[in-house]
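J.: Just to be clear, the model below is a prediction. Sequence and coordinates:
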Amino acid sequence: MDRLIRVLHIEDSRTDTDLVRGVLGRSVAAQFTVEAVSALEDGLRRLTEQGGADDFDVIVLDLHLPDADGLTTFTRAAAAAGAVPIVVCTAGGDDTLGITAVEHGAQDFVVKWSSDPDSLGRTLIHAVQRSRQLAELQRHLVESTNTGDQLAATNAAIREFLARVVHEIRTPITVISGYATLLRDAPDTFNPVEQLESLSAILGQTERLRRLTDTLLTHENLEAGAVHAEPEEVCVVEVIDSALAAAGPAAVDFKVRCDPGLTARVDPAHLQQALVNYATNALTYGDRPYSVTADLEGDPAEVVIRVIDQGDGVPHEFVPQLFDRVALSQAPRTGKGLHGTGLGLSIVAGLLHANGGDAWYEPGDPRGARFCISVPVGQN
Ligand SMILES: Nc1ncnc2c1ncn2[C@@H]1O[C@H](COP(=O)(O)OP(=O)(O)OP(=O)(O)O)[C@@H](O)[C@H]1O
Ligand SMILES: [Mg+2]
């Protein structure tokens with residue numbers, strides 16, 4: 001890698017700026033240049049002036065500044081930073097803030113200066129390497145697609161997919177190990193409520209990892225033709241309710257409209273997984289109000305379930321390939337960033353086809369998204 005790393009240090013304490021300059025100046029792993037500003041507004045101005053963000057490889061951001069405090073410091077800086085990775089600094093005692101910032105997209109966090117200050121250089125080098133690798137993968141994909149080199153495009157897409165999976169694994173691991181280390185090393189800094197919250201965060205991230213492994217396994221089984229549906233008579237509203245319960249606490253916001261007597265003939269686990277994927281997407285990319293409707297439609301009649309939100313919907317140019325595996329550079333931009341592996345909707349389609357059903361998208365009217373599923377109607 002390029003061994004010159006240009007750092008923008010947004011930090012109001014002169015002592016800390018001097019310390020960081022000193023530590024990075026001694027690094028043998030890379031040569032660092034450090035430009036320091038003492039307020040968030042100055043940092044934002046520096047990043048957004050002409051070509052500003054291109055002047056830096058990484059941003060070191062203090063989360064407690066005279067003109068901004070806490071997580072908003074990070075979200076405002078991230079909006080101006082574009083592709084430049086951000087490593088946040090927190091003071092000892094509010095270490096959970098650093099973990100929260102990673103959950104919101106920071107590359108990493110350091111606690112001032114509780115650990116070996118020399119490790120800062122390594123943290124910054126890794127942050128820069130990771131973001132350059134991702135940019136390189138995207139560039140490859142675009143180039144190889146442009147030249148019509150399908151094989152290279154496939155390779156790049158696979159590497160890009162792996163980068164997404166690694167990112168999806170890395171974030172929960174950082175959060176879990178962050179909280180677990182704090183609970184072990186400084187249990188007295190947590191009151192009982194905070195202890196419970198930290199443990200819940202650990203369990204929440206474990207659940208996220210479990211969902212990820214489920215996604216990868218289901219995808220693999222679908223590709224291998226190893227998914228076999230075991231259709232049975234199911235009560236549709238019961239499957240909808242259990243899917244919303246499995247989609248997490250935020251799914252209480254969904255209103256459900258479904259005749260309680262409506263039945264379908266489908267593998268309940270498959271229908272549930274499809275609905276969980278739709279509901280999770282609505283909560284991630286869509287907006288309130290959220291609803292699920294189920295109706296009998298068509299001749300012969302089928303059960304049609306729609307998961308509806310009032311967000312921006314999917315731009316119409318992306319709709320034709322929406323249920324294919326989505327590559328990072330081809331994913332519709334929803335203004336809410338990119339999440340996940342890009343496999344969710346292709347799994348929904350695969351599971352529904354295995355059950356003699358279908359999956360498709362309808363734009364909302366006048367706005368929003370409607371993700372739809374059809375399954376054979378039950379006998380009752
Ligand atoms: N309700 C929605 N509103 C707007 N865009 C959506 C909605 N649902 C999905 N999308 C778009 O479709 C893309 C593909 O979704 P999909 O579920 O296949 O992948 P993912 O959510 O990125 O990853 P995964 O579900 O595997 O974790 C998303 O990246 C998003 O851009
Ligand atoms: Mg998804």
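T.: Sure, I can see it. Ligands and ions are numbered 1, 2, ... in the order given.

J.: Would you mark the buried spots in stretch 280-300?
T.: Using 16 or more other CB atoms under 10 Å as the test for burial, stretch 280-300 gives 280-287, 290-295. The way it works is simple: take the backbone N, C-alpha and C, and place the C-beta from them, glycine included.

J.: Greatest separation within the residues you listed: which pair is it?
T.: Maximum pairwise distance among the buried residues of stretch 280-300 (CB to CB): 25.4 Å, between Thr284 and Asp295.

J.: List, one by one, the residues from the stretch 151-300 of the chain near ligand 1.
T.: Residues of the stretch 151-300 of the chain lying near ligand 1 by CB under 6 Å from any ligand atom: 215, 277, 281-282, 285-286.

J.: Tell me which of those fall in strands.
T.: Counting by DSSP state E, none of the members of these fall within strands.

J.: can you tell me if stretch 157-164 touches ligand 2.
T.: No: Stretch 157-164 stays clear of ligand 2 (CB under 5 Å from the ion), getting no nearer than 11.6 Å.

J.: what's the answer for stretch 303-310, then?
T.: No: counting by CB under 5 Å from the ion, ligand 2 has no neighbours in stretch 303-310; the shortest distance is 11.7 Å.

J.: Could I get the residues of the stretch 151-300 of the chain next to ligand 1 in TSV, plus columns for pLDDT?
T.: Listed next are those as TSV, based on pLDDT from 0 to 100:
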residue	pLDDT
Thr215	90
Asn277	95
Asn281	95
Ala282	96
Tyr285	93
Gly286	95
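
J.: quick check, nearest of the residues you listed to Ala156?
T.: Nearest to Ala156, judged by CB to CB, of these is Thr215 at 21.4 Å.

J.: which residues does that closest one contact?
T.: 340-341, 343-344, 347 (CB atoms under 8 Å, 6 or more residues apart in numbering).

J.: at 7 Å instead, please
T.: 341, 343-344, 347 (CB atoms under 7 Å, 6 or more residues apart in numbering).

J.: Next one, pLDDT for the closest residue to Leu343 other than its chain neighbours please.
T.: Distances taken as CB to CB, 6 or more residues apart in numbering place His219 nearest to Leu343, at 4.9 Å, with adjacent residues excluded. Looking at His219, its pLDDT is 89.

J.: The helix or strand His219 falls within and ligand 2 in contact?
T.: Take DSSP states H and E as the rule and His219 turns out to sit in helix 192-223. No: Helix 192-223 does not reach ligand 2 (CB under 5 Å from the ion); its nearest approach is 8.5 Å.

J.: One more: stretch 352-360?
T.: No: using CB under 5 Å from the ion, stretch 352-360 never reaches ligand 2; the gap is at least 12.8 Å.
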